[in-house]
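In: pasted the sequence and its predicted model underneath.
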Amino acid sequence: MLDKVLLGKQIRQIRLEKGISQEKLSELIYISPRQMCLIENGNSYPSLDTFIRIAEVLEIDINEFFSISAIRYDSLRNSIIDMIKALDRRKLPLVKDILVAIDNN
């Protein structure tokens, strides 16, 4: 699933690169400026129809939003792995217990 904050940041960045105001984009995709603000700030997911219209207006392949999210989580996963590799061996059982507890919830 796409992270709302990351999605909003990506939409905002692309919109700014295209020189489109937030108000103009909201007008072009038939939503209120307030709703556009909520999406860009990561407080709301766009509906599927709105998401498709955003991609069309900004002239971006909708699949790029999903690859951006995957890259972010791969980077996070690698960062966590690096941290675990750097830990003192005595702390590894604690990390394992924490991960098991998280996985069970």
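Out: Good, I have the coordinates. Computed from a predicted structure; not experimentally measured.

In: do you know how far the residue lying farthest from the centre of the chain is from D82?
Out: No residue in the chain sits farther from the centre than R90, which is 35.2 Å out by C-alpha atoms, centre = their mean. The spacing between R90 and D82, counted by C-beta to C-beta, to the nearest Å, is 19 Å. C-beta coordinates here come from the backbone N, C-alpha and C atoms, glycine included.

In: what's the weakest-modelled helix or strand in the chain?
Out: When the helices and strands of the chain are scored by mean pLDDT, DSSP states H and E, helix 62-86 comes last with a mean of 76.

In: pretty sure I29 sits against I54.
Out: Yes - in this structure I29 lies within contact range of I54 using C-beta atoms under 8 Å: 5.7 Å.

In: could you list the low-confidence segments of this structure?
Out: Under the criterion pLDDT under 70, the flagged ranges of the chain are 1-2, 66-74.
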